[in-house]
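In: everything below, folded, please.
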Amino acid sequence: MDLSNLKPAEGAVNRDGKRLGRGQGSGKGGTAARGHKGAKSRSGYSKKIGFEGGQMPLQRRVPKFGFKNINRKEYQGVNLDKLQLLVDNKVVKGEVTFDTLLENRLVRKNELVKILGNGELKAKLKVSAHKFSASAKAAIEAVGGEAISL
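Out: Next comes the predicted model:
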């Protein structure tokens with residue numbers, strides 16, 4: 001051991017915080033460093049989220065309108081031209097399932113899929129998805145394919 005590797009004993013350095021409210025002699029007695037009166041001096045005080053010191057909080061100043069449907073289902077749209085591209089690149093032949101779309105990164109694992117009618121489909125495909133737009137279903141069936149709802 002020499003002067004370069006000296007260090008204090010385990011647990012000797014981190015002092016506990018100020019001991020409040022332990023009598024006048026401690027210097028932190030009486031009000032226990034909380035000051036006089038007011039909400040912050042009382043026990044059980046906790047500031048409300050968004051409290052702005054008595055000023056009207058932002059969430060109450062901003063106008064509210066419209067309606068949020070808590071039961072809304074969000075669908076990930078996949079257009080027919082994307083399906084045709086998979087056929088052209090020889091990724092799929094005959095059948096398109098959710099797993100196929102997942103492997104080709106057109107959808108994510110927990111999403112619902114809706115096939116949309118944008119683009120042109122030339123290949124005869126058996127397409128499985130959660131939902132189809134009317135134009136997409138018509139286009140798939142027009143080329144002799146099949147639209148299966150999951």
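In: name the helix or strand for the residue positioned nearest the centre of the chain, please.
Out: By CA atoms, centre = their mean, the chain has its centre lying nearest to residue 110, at 12.7 Å. Taking DSSP states H and E as the definition, residue 110 sits outside all helices and strands.
In: same check, this time on the one 10 residues further on
Out: Using DSSP H and E, residue 120 is not contained in any helix or strand.
In: and for it, the neighbour number?
Out: Using other CB atoms under 10 Å, residue 120 has 10 other residues around it. Glycine gets a C-beta too; all of them are placed from N, C-alpha and C.
In: roughly how far apart are it and residue 137?
Out: Counting by CB to CB, to the nearest Å, the gap from residue 120 to residue 137 is 15 Å.
In: can you give me the helices for this structure?
Out: Here the chain has its helices, by DSSP state H, at 58-61, 80-88, 98-103, 134-142.
In: among these, which comes closest to residue 20?
Out: For the helices of the chain, the distance to residue 20 is smallest for helix 58-61, at 33.7 Å, taking CB to CB.
In: which residues are contacting that closest one?
Out: 50, 52 (CB atoms under 8 Å, 6 or more residues apart in numbering).
In: who touches stretch 81-95?
Out: Contacts of stretch 81-95 (CB under 8 Å, 6+ apart): 96, 100, 104, 106, 115, 118-128.
In: before we move on, what about stretch 70-78?
Out: Contacts for stretch 70-78 (CB under 8 Å, 6+ apart): 101, 106-108, 111-116, 129-131.
In: narrow those residues to those in strands?
Out: Among those, the members found in strands (DSSP state E) are 112-116, 129, 131.
In: using CSV, please lay out the residues you listed together with distance to residue 2 and pLDDT.
Out: Output for the ones in strands among the contacts of stretch 70-78, formatted as CSV (distance: CB to CB, whole Å; pLDDT from 0 to 100):
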residue, distance to residue 2, pLDDT
112, 69, 95
113, 70, 95
114, 73, 96
115, 76, 95
116, 76, 94
129, 74, 94
131, 76, 95
